[in-house]
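[1] pasting the sequence and the predicted coordinates here, then a few questions.
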Amino acid sequence: MKKDLKKEFFDSYARELNYVDPKSLPPMYYGLVRMILRELRENGKVKLPDFGVFYVKEIKARNINNLNGDGIVSIGSRKTCKFSPSKMLKEYFFNLQDKE
């Protein structure tokens, strides 16, 4: 069951917790996202303990075959964001799969 992190998700999560104001969760979520983006831009890496590491990786320029026609297309270098889950997070999801 996949859940997108939208307002409905935060509202239902706040109801489960009983002690968190539902109106405070979306601003906290967007604040966290902005903090991660700022740190990635400035330092290239964000480590969240017991969750994982977000980091910036540069993809080298390369040539690929054009699928729509003949010839080779040149793609320039670019940066992308990667995520590496922590050991605890991996174990959590591994245990969930065993229960299904």
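    Right, received. Where do you want to start?

[2] what segments of the protein are strands?
    All strands of the chain, identified by DSSP state E, fall at 45-48, 52-59, 62-65, 72-75, 78-85.

[3] please parse the protein into its domains.
    For the chain, the structural domains run 1-43, 53-100, going by automatic domain parsing.

[4] which residues touch K60?
    Shown in contact with K60 (Cβ atoms under 8 Å, 6 or more residues apart in numbering): S77. Placement of C-beta: from N, CA and C, glycine included.

[5] which residues touch stretch 30-46?
    Under the contact criterion Cβ under 8 Å, 6+ apart, stretch 30-46 has outside partners V53, F54, Y55, V56, C81.

[6] what bridges to the third one?
    In this entry, Y55 is beta-bridged to K45, K82, by DSSP bridges.

[7] could you pull up the contacting residues of it?
    So Y55 contacts L40, G44, K45, V46, C81, K82, F83, S84 (Cβ under 8 Å, 6+ apart).
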